[in-house]
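A.B. asks: sequence? don't have it. structure:
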Ligand SMILES: Nc1ncnc2c1ncn2[C@@H]1O[C@H](COP(=O)(O)OP(=O)(O)OP(=O)(O)O)[C@@H](O)[C@H]1O
């Protein structure tokens, strides 16, 4: 059996004493290189879970262990990409990525190596030609690509994506999904991605973690996607395995765990 790489163990998060916990007993074991999607209705606690893994929020009970080390604070081994880019507007695209490289590899790489590594990560997201531009001179999709390059440049053990494509139009979103799939295939990075988009979850992930509604949310079901890689969105659009995975997630969300207003 493959070893657990990221171990989320009986995580409970309660924001206010006396209030019901937002998350109650989330247990998940992730293998190295796995692509996990977390899906669930708005407000069920997906970002809360990601923030616990990122070390941005302490669990009230339980905890997270990454490669044998307990998560107690944020660190470059768990790089986060948020829905809205968090690039520094006064720095160029290159400088935004370079800053992360200098912070994480300032002592281990020479200047020339850091320059090359910055450029390599920009090339990975096809942003080489825009390296000298500032964030206000590039599109939303490009900003997210820079955010991904910056995260990958830290050589994270886990890439945490909090609805990274949520604010993008459908075509840009599809393009970025393809790029992230290609990067995952090339680097084998372990990924945990929050999404509201069922097709995105099925297309990208190895397993889809479906959350029950909050409060007291927990993992309701886990779907093994099992589609062979590389995956091609056009071919999959009519593939019965894709359609049945999609249906299983939709059923979970809209029949078994519909929001009260929907049910
Ligand atoms: N810092 C906080 N203090 C108090 N309550 C919080 C805090 N952060 C989140 N919550 C509450 O916890 C619940 C889960 O929030 P969270 O953002 O994790 O949900 P989500 O599933 O990511 O939602 P969405 O899909 O809408 O982004 C919500 O009810 C939210 O109001």
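C.D. replies: Cool, the structure landed. In this text, all values refer to a predicted model and were calculated from it rather than measured experimentally.
A.B. asks: please make it C-alpha for all contacts and neighbour counts, starting now.
C.D. replies: OK.
A.B. asks: name the nearest residue to the closest residue to the ligand within the stretch 51-200 of the chain, sequence neighbours excluded.
C.D. replies: At 6.9 Å from the ligand, residue 196 is the closest residue in the stretch 51-200 of the chain, using Cα to the nearest ligand atom. The spatial neighbour of residue 196 that comes closest, neighbours along the chain excluded (Cα to Cα, 6 or more residues apart in numbering), is residue 39 at 5.8 Å.
A.B. asks: next, that neighbour: phi, psi?
C.D. replies: Backbone geometry at residue 39, expressed as degrees, to the nearest 10, gives phi -130, psi 150.
A.B. asks: residue 97 versus that one, what's the distance?
C.D. replies: To residue 97, residue 39 is 29 Å away according to Cα to Cα, to the nearest Å.
A.B. asks: would you map the strands across the stretch 1-150 of the chain?
C.D. replies: For the stretch 1-150 of the chain, the strands defined by DSSP state E, counting those that start in this stretch cover 4-13, 23-31, 35-39, 61-66, 69-70, 78-81.
A.B. asks: for this structure, what lies in contact range of the ligand?
C.D. replies: For the chain, the residues in contact with the ligand (Cα under 6 Å from any ligand atom) are 15, 22, 41, 42, 43, 44, 45, 46, 47, 48.
A.B. asks: with pLDDT added, can I get those residues in CSV?
C.D. replies: Below are the residues of the chain next to the ligand laid out as CSV (pLDDT from 0 to 100):
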residue, pLDDT
15, 96
22, 97
41, 94
42, 92
43, 92
44, 94
45, 96
46, 97
47, 96
48, 97
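A.B. asks: can you pull the contacts of residue 13?
C.D. replies: 21, 22, 23, 24, 48, 58, 59, 60, 61 (Cα atoms under 8 Å, 6 or more residues apart in numbering).
A.B. asks: what does residue 22 give?
C.D. replies: Per Cα under 8 Å, 6+ apart, neighbours of residue 22: 12, 13, 14, 15, 44, 45, 214, 215, 216, 217.
A.B. asks: so among those residues, which ones count as buried?
C.D. replies: 12, 13, 14, 44, 45, 214, 215, 216, 217 (16 or more other Cα atoms under 10 Å).
A.B. asks: any idea which of those is closest to residue 66?
C.D. replies: residue 12 (17.6 Å; Cα to Cα).
A.B. asks: hang on, the closest one packs against residue 59?
C.D. replies: Yes - contact criterion Cα atoms under 8 Å: residue 12 and residue 59 qualify, at 5.9 Å.
A.B. asks: ok so, going back, now the contacts of residue 13: which count as buried?
C.D. replies: Buried, going by 16+ other Cα under 10 Å: 21, 22, 23, 24, 48, 58, 59, out of those.
A.B. asks: those residues in helices, which ones?
C.D. replies: Counted as lying in helices by DSSP state H, out of the buried ones among the contacts of residue 13, are residue 48.
A.B. asks: looking at the buried ones among the contacts of residue 13, which one is closest to the ligand?
C.D. replies: The nearest member of those to the ligand, counting by Cα to the nearest ligand atom, is residue 48 at 3.6 Å.
A.B. asks: among the buried ones among the contacts of residue 22, which one lies nearest to the ligand?
C.D. replies: residue 45 (3.1 Å).
A.B. asks: for stretch 28-38, the distance to its chain's centre please.
C.D. replies: Distance, stretch centre to chain centre, for stretch 28-38: 10 Å (Cα atoms, centre = their mean, to the nearest Å).
A.B. asks: distance across it, terminal residue to terminal residue?
C.D. replies: Stretch 28-38: ends 11 Å apart by Cα to Cα.
A.B. asks: circling back: I'd say the residue nearest to residue 196 and residue 212 touch.
C.D. replies: No - because the distance of 9.3 Å does not satisfy Cα under 8 Å, residue 39 is recorded as not touching residue 212.
A.B. asks: ok, back up a step: need the contacts of residue 13 in JSON lines (columns: distance to residue 122).
C.D. replies: Below are the contacts of residue 13 laid out as JSON lines (distance: Cα to Cα, whole Å):
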{"residue": "21", "distance to residue 122": "41"}
{"residue": "22", "distance to residue 122": "38"}
{"residue": "23", "distance to residue 122": "37"}
{"residue": "24", "distance to residue 122": "39"}
{"residue": "48", "distance to residue 122": "30"}
{"residue": "58", "distance to residue 122": "33"}
{"residue": "59", "distance to residue 122": "34"}
{"residue": "60", "distance to residue 122": "38"}
{"residue": "61", "distance to residue 122": "39"}
